[in-house]
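Enquirer: Task: produce atomic coordinates for the following.
(one chain, ligands or ions: 1)
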Amino acid sequence: MPQHLRVIGNYISPYVRKVLVCLELKELDYEIDPIAPFVGNDEFSRLSPLRRIPVLIDDELVLTDSSVICQYLEEKHPTPALYPRDLGDRARARWLEEYADTRLADGLIWRLFHQLAIKRHIFGEAPNEAAVQHAREVEIPAALDYLEEQLPDGGFIFGALSIADISIASFFRTASFVRYAIDATRWPRSAALVAQVQALPVFQKLASFEDCMLRLPLAEQRGALITAGAPLTSDTLGTSAPRPGPPRAS
Ligand SMILES: N[C@@H](CCC(=O)N[C@@H](CS)C(=O)NCC(=O)O)C(=O)O
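Expert: Numbers count the residues shown, from 1 in each chain. Sure thing, here's the model as predicted:
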């Protein structure tokens, strides 16, 4: 029987989205247990010691960290290539992926999305408005200033779509759930790149599953996702009681 790849992590996460885009573009069969990290059970803690998503399970192999997973998928299934061929470009693509995973994530996810969505909807706490304002006015603009300098005037960063484009667009997609949009007059190249990548059929397909999660309460999400055609696992590592993971450095 062919072994399915299994992804643990929900459609809202930018890190999970990176992995799903790679799986979809490489046309690999996979199943997904779309849980938020906060609701993972003890088995989730065993598979993901930092209690973070995504996790990829490929037979006996368990991998955490989106960059590690995407690189693994690329090496195991090289076509279509999602990393540039040129050695220097490939290294730069990884750097831009890292920049998205850390610097963009700091403002867009750990400040904005965390305050406005996670704190409010998962932990029932009020957002820290000062942190939100600082993210919008200082952190995210500073991160975009650097990004803007790195991007070409049009098209994908390295000519063909790569992990760099996917990663950057992925973080802005999750930020759009709390109504963040790049100001195209101030950062035109960043705005154009993100719009171009998010318009790809693969991002649109995942957006339909993301919408199910955003529109519906937790108890109704699995049913709606199955109806929408999401390849869900039959079992889940999710519980109904959220608990925070280990503290993060940033
Ligand atoms: N470096 C990791 C970061 C993954 C990550 O932070 N995922 C978030 C979800 S968007 C998470 O699981 N957060 C839970 C926590 O930090 O406790 C990766 O690239 O996969």
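Enquirer: buried residues in the lowest-mean-pLDDT helix or strand in the chain?
Expert: Sorting the helices and strands of the chain by mean pLDDT, DSSP states H and E puts helix 218-227 at the bottom, at a mean of 91. Neighbour-count burial for helix 218-227 flags Q221, R222, L225 (criterion: 16 or more other Cβ atoms under 10 Å). The way it works is simple: take the backbone N, C-alpha and C, and place the C-beta from them, glycine included.
Enquirer: how close does the residue nearest to the first one when sequence neighbours are not counted sit to V202?
Expert: What sits nearest to Q221 in space, not counting adjacent residues and going by Cβ to Cβ, 6 or more residues apart in numbering, is M213, at 5.4 Å. If you measure M213 against V202 using Cβ to Cβ, to the nearest Å, the figure is 17 Å.
Enquirer: Show me the domain layout of this structure.
Expert: Split into domains by automatic domain parsing, the chain comes to 5-81+208-227, 87-198.
Enquirer: I'd like to know which of those domains lies nearest to T236.
Expert: domain 5-81+208-227 (5.1 Å; Cβ to Cβ).
Enquirer: Is it correct that the residue nearest to Q221 is in contact with I12?
Expert: Yes. Under the criterion of Cβ atoms under 8 Å, M213 makes contact with I12 at 5.7 Å.
Enquirer: returning to that earlier point: per-residue pLDDT, the residue nearest to Q221?
Expert: M213 is assigned 91 on the pLDDT scale.
Enquirer: how about it, what does it touch?
Expert: Listed by Cβ atoms under 8 Å, 6 or more residues apart in numbering, the contact set of M213 reads N10, Y11, I12, P34, Q221, L225.
Enquirer: can we see that at 7 Å?
Expert: Applying Cβ atoms under 7 Å, 6 or more residues apart in numbering to M213 gives the contacts N10, Y11, I12, P34, Q221.
Enquirer: before we move on, what about I8?
Expert: Counting by Cβ under 7 Å, 6+ apart, the residues that I8 touches are D33, I35, F44, L47, I53, P54, V55, L237.
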